[in-house]
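A.B. asks: Provide a 3D model corresponding to the input given below.
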Amino acid sequence: MTEQMRTALLLGTALLLSLFLYYIDEGRYSLEGLFTAGNGIAMSIYLVGLVGGLFGAAWLLEKRHPSPMRTVLVLVLGAVLGLGLGLLLIIGLGALQHFS
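C.D. replies: A predicted model of the protein is given here:
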């Protein structure tokens, strides 16, 4: 897999997962209001966390032999790490707002 394809796969996965998280957020199950300022900020936090998690997992596993299993492992591990990172960002921003 070329570097451009790998980057496109990771960014596309991060975008799709953040759209899915926005879709299920708060039980509305719709994408209406996606382009309002507040929702854009929340979605960008999800996106930053997922991009960090996916690229971090790809960096951690880049020494392994290239295979479809490594790709699946990077996507699953990166999504879990990215979701955790996104939630930590949300909690950290909330704590900063609370203590300011």
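A.B. asks: neighbours of residue 80, just the number please.
C.D. replies: Residue 80 has 12 neighbouring residues, counting by other C-beta atoms under 10 Å. For the C-beta atoms, the positions are set from N, CA and C on the backbone; glycine is no exception.
A.B. asks: next up, the contacts around residue 75.
C.D. replies: Residue 75 makes contact with 9, 13, 54, 57 under the criterion C-beta atoms under 8 Å, 6 or more residues apart in numbering.
A.B. asks: and what of residue 93?
C.D. replies: Per C-beta under 8 Å, 6+ apart, neighbours of residue 93: residue 45.
A.B. asks: distance check, it against residue 56.
C.D. replies: 20 Å (C-beta to C-beta, to the nearest Å).
A.B. asks: go on, residue 15?
C.D. replies: Separation of residue 15 from residue 56 (C-beta to C-beta): 17 Å.
A.B. asks: pLDDT value on residue 26, please?
C.D. replies: On pLDDT, residue 26 comes in at 68.
A.B. asks: show me the biggest helix of this structure in terms of residues.
C.D. replies: For the chain, the helix that runs over the most residues, judged by DSSP state H, is helix 68-99.
A.B. asks: what residues sit buried inside that one?
C.D. replies: Buried residues in helix 68-99, counted by 16 or more other C-beta atoms under 10 Å: 70-71, 73-75, 77-79, 81-83, 85-86, 89.
A.B. asks: turn these into a markdown table, columns for pLDDT.
C.D. replies: A markdown table is the format used below for the buried residues of helix 68-99 (pLDDT from 0 to 100):
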| residue | pLDDT |
| --- | --- |
| 70 | 93 |
| 71 | 93 |
| 73 | 95 |
| 74 | 95 |
| 75 | 95 |
| 77 | 96 |
| 78 | 96 |
| 79 | 95 |
| 81 | 96 |
| 82 | 95 |
| 83 | 93 |
| 85 | 94 |
| 86 | 90 |
| 89 | 91 |
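A.B. asks: closest to residue 29 among the residues you listed?
C.D. replies: Minimum distance to residue 29 across these is 18.7 Å, recorded for residue 83 (C-beta to C-beta).
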